[in-house]
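1. Starting from these lines, generate the structure:
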Amino acid sequence: MINCADLETMTKFWAAALDLTPGPGSDDGRFRVLRGPRVNVSLQVAASSVSARDQMHVDLYSDDQEGEVQRLVGLGASYVRHNDDPRDDYTVLADPEGNEFCVCTRTTLD
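-> Have a look, this model is predicted:
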């Protein structure tokens, strides 16, 4: 579950970022499930201002970290920082509402 302020912006970003298909959403327009063959992600409009950051974040793993970072920035993510340690190589990005997430090299799973 990702709490958000703008459901449409976050739907567009996370559906494209994770190659998920947006469901129709709730009747009141405050909830939507993004569906995929192996994972679903729920988005909901927060009842109050979304201000608590970094309580949890998503780690995405890629064989092409640099290419994936460029793709996600093209979708609306913003660059935060890069950790260039061969044992723990990741780039921190933020989604359109400022929620941080990481793009890790797949080798960090080994």
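2. so where do the helices sit in this structure?
-> 7-18, 65-75 (DSSP state H).
3. count of neighbours near the residue nearest to A16 when sequence neighbours are not counted?
-> Of all residues not flanking A16 in the chain, L75 sits nearest, at 5.0 Å (Cβ to Cβ, 6 or more residues apart in numbering). C-betas here are computed from N, CA, C, even on glycine. For L75, the neighbour count with other Cβ atoms under 10 Å is 16.
4. What residues sit buried inside the helix or strand of the chain with the lowest mean pLDDT?
-> When the helices and strands of the chain are compared on mean pLDDT, DSSP states H and E, strand 2-4 comes out lowest with a mean of 87. Using 16 or more other Cβ atoms under 10 Å as the burial criterion, the residues of strand 2-4 that qualify are 2-4.
5. need those residues in TSV with distance to V33, can you?
-> Below are these laid out as TSV (distance: Cβ to Cβ, whole Å):
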residue	distance to V33
I2	11
N3	14
C4	13
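6. What residue spans form the domains of the chain?
-> Residue ranges for the domains of the chain, per automatic domain parsing: 1-47, 57-110.
7. distance of the residue nearest to D59 when sequence neighbours are not counted from M10?
-> Spatial nearest neighbour of D59, excluding adjacent residues (Cβ to Cβ, 6+ apart): C102 at 4.8 Å. Distance from C102 to M10, counting by Cβ to Cβ, to the nearest Å: 18 Å.
8. Out of those two, name the residue with the larger neighbour count.
-> When neighbours are counted by other Cβ under 10 Å, C102 and M10 differ, and M10 comes out ahead with 24 against 17.
9. Report pLDDT for that one.
-> Note on M10: pLDDT of 95.
10. if you skip the residues just before and after it, what's nearest to it?
-> M10's closest residue in space is C4 (Cβ to Cβ, 6+ apart), at 4.2 Å.
11. give the contact list for the one you found.
-> Going by Cβ atoms under 8 Å, 6 or more residues apart in numbering, C4 touches 10, 43-46, 50, 97.
12. bridging residues for it?
-> V45 (DSSP bridges).
13. contacting residues for the residue nearest to A16?
-> Residues near L75 by Cβ under 8 Å, 6+ apart: 13, 16-17.
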